[in-house]
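> coords please:
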Amino acid sequence: MRRKRQRDCRPTRSLACTNTTANTATYSWPNVEEQFTTLPAGLKHSYVLAKRPAGSGDLVVQLAIDSTLHADAAGSHWLDRDQYGVTIGDVVGIDARGKRCAGSKRRTENGLELRLPA
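Numbers count the residues shown, from 1 in each chain. The predicted model follows:
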């Protein structure tokens with residue numbers, strides 16, 4: 001089995017919030033916009049890529065998380081001792097034509113990895 005090369009779209013430096021609307025804050029990174037949108041059910045965290053990243057293989061977003069919350073094995077629930085915290089929902093990719101693709105997530109030593117298949 002051949003190992004696929006992962007695409008690299010990591011931010012190279014920290015930037016301030018570049019745009020806000022009534023319910024969305026956007027941070028701009030090179031070739032990527034990171035968005036936080038408030039919804040009645042909670043906070044939606046998404047990434048918008050202006051173009052397909054260079055390389056081949058799965059699209060992987062690695063999130064470094066520094067928190068006092070405790071994560072479950074899958075990285076889906078990050079909770080404090082009273083069971084309050086954050087639930088990470090499904091990973092879904094939507095291409096420029098609107099086609100949806102199910103992704104996956106997994107807990108890593110430093111946070112969380114989000115993955116969409118090639």
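> rest of the way, CA atoms for contacts and neighbours
Fine.
> Give me the pLDDT value at residue 33.
pLDDT recorded at residue 33 is 89.
> ends of stretch 91-103, how far apart?
Stretch 91-103 stretches 5 Å from its first residue to its last (Cα to Cα, to the nearest Å).
> Could you pull out the buried residues of it?
93, 103 (16 or more other Cα atoms under 10 Å).
> can you give me how far that stretch is from the chain middle?
In this view, stretch 91-103 has its centroid 13 Å away from the chain centroid, taken as Cα atoms, centre = their mean, to the nearest Å.
> For it, give me every contacting residue.
90, 104-105, 114-117 (Cα atoms under 8 Å, 6 or more residues apart in numbering).
> what ranges of the protein fall below the confidence cut-off?
1-17 (pLDDT under 70).
> which other helices and strands contact the helix or strand where residue 45 lies?
Per DSSP states H and E: residue 45 is located in strand 42-49. Applying 3 or more Cα pairs under 8 Å, 6 or more residues apart in numbering; DSSP states H and E, one finds that strand 42-49 contacts strand 32-39.
> quick one: the strand it packs on to strand 42-49, angle?
Strand 32-39 and strand 42-49 are oriented at 160 degrees to each other (axes from the mean of the first three to the mean of the last three Cα atoms, to 10 degrees).
> Pull strand 32-39 out as PDB, backbone CA atoms only.
Provided in PDB are the C-alpha atoms of strand 32-39 (Å, rounded to 0.1, in the frame of the first residue of the first chain):
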ATOM      1  CA  VAL A  32      -7.500  29.900   3.600                       C
ATOM      2  CA  GLU A  33     -10.300  31.800   5.400                       C
ATOM      3  CA  GLU A  34     -11.200  30.500   8.900                       C
ATOM      4  CA  GLN A  35     -14.800  31.400   9.900                       C
ATOM      5  CA  PHE A  36     -16.700  31.200  13.100                       C
ATOM      6  CA  THR A  37     -20.500  31.500  12.700                       C
ATOM      7  CA  THR A  38     -23.000  31.700  15.600                       C
ATOM      8  CA  LEU A  39     -26.100  29.500  15.000                       C
END
